[in-house]
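Asks: Prediction below, plus the sequence it came from.
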Amino acid sequence: MQARFHAIWSEITPKLQKALLPYIGNDDFPAMLTAEQVESIKQISEFDDQALALALLPLAAACSLAPISHFYVGAIARGESGNLYFGANMEFTGVPLQQTVHAEQSAITHAWLRGEKKLVSITINYSPCGHCRQFMNELNSGTQLEVYLPNRPRLTLADYLPEAFGPRDLTDTPLLLDTVHHGYQLAISDELVQAALDATNRSHAPYSQSHAGIALQDEQEKIYTGRYAENAAFNPSLPPLQAALIFMNMAGGNCQSIKRAVLVEGENNHLSQWNATESTLTALGCTKVQRYTF
Ligand SMILES: [Zn+2]
């Protein structure tokens, strides 16, 4: 079992421990559970979907990296596939607070990067902040997304975000988690560049068209990609680096062991991710940061 789960494990009920151990007991547990695993866990633990998502929150929060606030937030996103995806907040010392990732953004982006096409619900251990309510309104689930909190009734995003402004108020655009491919190409035979290009092609930037993606390589040669997730209200947009760091953290990687990073974006984009990407990666100790443009 990964060290991050050790302290919280004793707080999980014995019945649920028994059901979870075949998965969380592995060092390579990817902080997600497939629909098949969820069914098995529900059968052994006798939990229903919602009781299970709530019971998993402390394990999701154990993935939090919060050196500034020491406030540990966990989230569990359930996809229409039946898969469950963990999410946790992330903070980075040495850069502005705007680089922070919230747990809801983490769980949603985690699901997106693993290929989930739509979310049914999100379960969180604290009420979602305004920033996250707006971020969630970008999803193709719309305001029907179910939002669960401990000791609260079932509500939807529409309850948390009345009189919402979102993508449907603008032009007819793809929504977050819709499948897209922008068709950009780069004739460079470098695995990391091609991984970043693929992330760029799947990024969500319907308002600025400034598509961007990134690929990170760690000391174990593992590659983690991240896609830009733009928001109709602009400010809750999630940069590609944050998406990749979410993926890396959830997969059990160490965000301070990145040895090379490649950002891909359009040379004539209205926006550039470069300066923020480079400064945050430098703060994380990565010195080899490259930018490729199409
Ligand atoms: Zn939030």
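Replies: Here it is on my side, so go on. Numbering: from 1, shown residues only.
Asks: Please determine how far the residue in the stretch 151-294 of the chain positioned nearest to the ion is located from residue 274.
Replies: Per Cβ to the ion, residue 236 is where the stretch 151-294 of the chain lies closest to the ion, at 8.7 Å. (Glycine included, C-beta is placed from N, CA and C.) Noted for residue 236: a distance of 21 Å to residue 274, by Cβ to Cβ, to the nearest Å.
Asks: Would you mind telling me which of these two has the busier surroundings?
Replies: residue 236 (21 against 15; other Cβ atoms under 10 Å).
Asks: Please report phi then psi for that one.
Replies: Here is the backbone geometry of residue 236 (degrees, to the nearest 10): phi -80, psi 10.
Asks: cool, and residue 262?
Replies: phi -130, psi 120.
Asks: per-residue confidence for it?
Replies: Turning to residue 262, the model gives it a pLDDT of 98.
Asks: Please give the element, helix or strand, for residue 44.
Replies: helix 35-45 (DSSP states H and E).
Asks: Okay, buried residues for that helix please.
Replies: Judged by neighbour count using 16 or more other Cβ atoms under 10 Å, the buried positions of helix 35-45 are 37, 38, 40, 41, 45.
Asks: The third one and residue 18 touch, don't they?
Replies: Okay, so that is residue 40. No - the pair residue 40 and residue 18 does not pass the contact test of Cβ atoms under 8 Å, sitting 11.1 Å apart.
Asks: The residue of the stretch 151-294 of the chain closest to the ion: what's it in contact with?
Replies: 105, 131, 132, 134, 135, 138 (Cβ atoms under 8 Å, 6 or more residues apart in numbering).
Asks: let's see 10 Å
Replies: 102, 105, 129-138, 229-230 (Cβ atoms under 10 Å, 6 or more residues apart in numbering).
Asks: wait, which of those is closest to residue 120?
Replies: Checking the contacts of residue 236 against residue 120 by Cβ to Cβ gives residue 136 as the nearest, at 12.6 Å.
Asks: now what about stretch 179-186, what contacts it?
Replies: Contacts of stretch 179-186 (Cβ under 10 Å, 6+ apart): 115, 117, 140, 174, 193-194, 196-198, 200-206, 209, 211, 213, 227, 264-266, 292-294.
Asks: what do you get if the cut-off is 8 Å, keeping everything else the same?
Replies: Contacting residues not belonging to stretch 179-186 are listed as 117, 174, 193-194, 197, 200-204, 211, 264, 266, 292, 294 [Cβ under 8 Å, 6+ apart].
Asks: Figure out how far it is from the centre of its chain.
Replies: Centroid separation for stretch 179-186 versus its chain: 21 Å, with Cα atoms, centre = their mean, to the nearest Å.
Asks: So which bits of the protein are right by the ion?
Replies: With Cβ under 5 Å from the ion as the criterion, the chain meets the ion at residues 102, 129, 131, 132.
Asks: hmm, 6 Å instead?
Replies: 102, 104, 128, 129, 131, 132 (Cβ under 6 Å from the ion).
Asks: Now a ChimeraX select for only the buried ones of those residues.
Replies: The following ChimeraX line selects those of the residues of the chain next to the ion that are buried, judged by 16+ other Cβ under 10 Å:
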select :102,104,128,131,132
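Asks: Which of the residues of the chain next to the ion fall within helices?
Replies: Judged by DSSP state H, the subset of the residues of the chain next to the ion located in helices is 104, 131, 132.
Asks: And for the first one, nearest residue in space, chain neighbours not counted?
Replies: To tie it back to what came earlier, the one meant is residue 104. Nearest non-adjacent residue to residue 104, counting by Cβ to Cβ, 6 or more residues apart in numbering: residue 132, 4.2 Å away.
Asks: same thing with the second one?
Replies: Setting aside the residues directly before and after it, residue 131 is nearest to residue 236 in space (Cβ to Cβ, 6+ apart), at 5.1 Å.
Asks: I'd like to know the phi and psi angles of the nearest residue to residue 218 once chain neighbours are set aside, please.
Replies: Sequence neighbours aside, residue 257 is the residue nearest to residue 218 in space, at 4.9 Å (criterion: Cβ to Cβ, 6+ apart). In terms of degrees, to the nearest 10, the main-chain angles of residue 257 are phi -120, psi 30.
Asks: my guess is residue 257 meets residue 219, correct?
Replies: Yes - look at residue 257 against residue 219 with Cβ under 8 Å: they come within range, at 4.7 Å.
Asks: These two - which one has more neighbours?
Replies: Counted by other Cβ under 10 Å, residue 257 and residue 219 do not tie: residue 257 has more neighbours, with 16 against 11.
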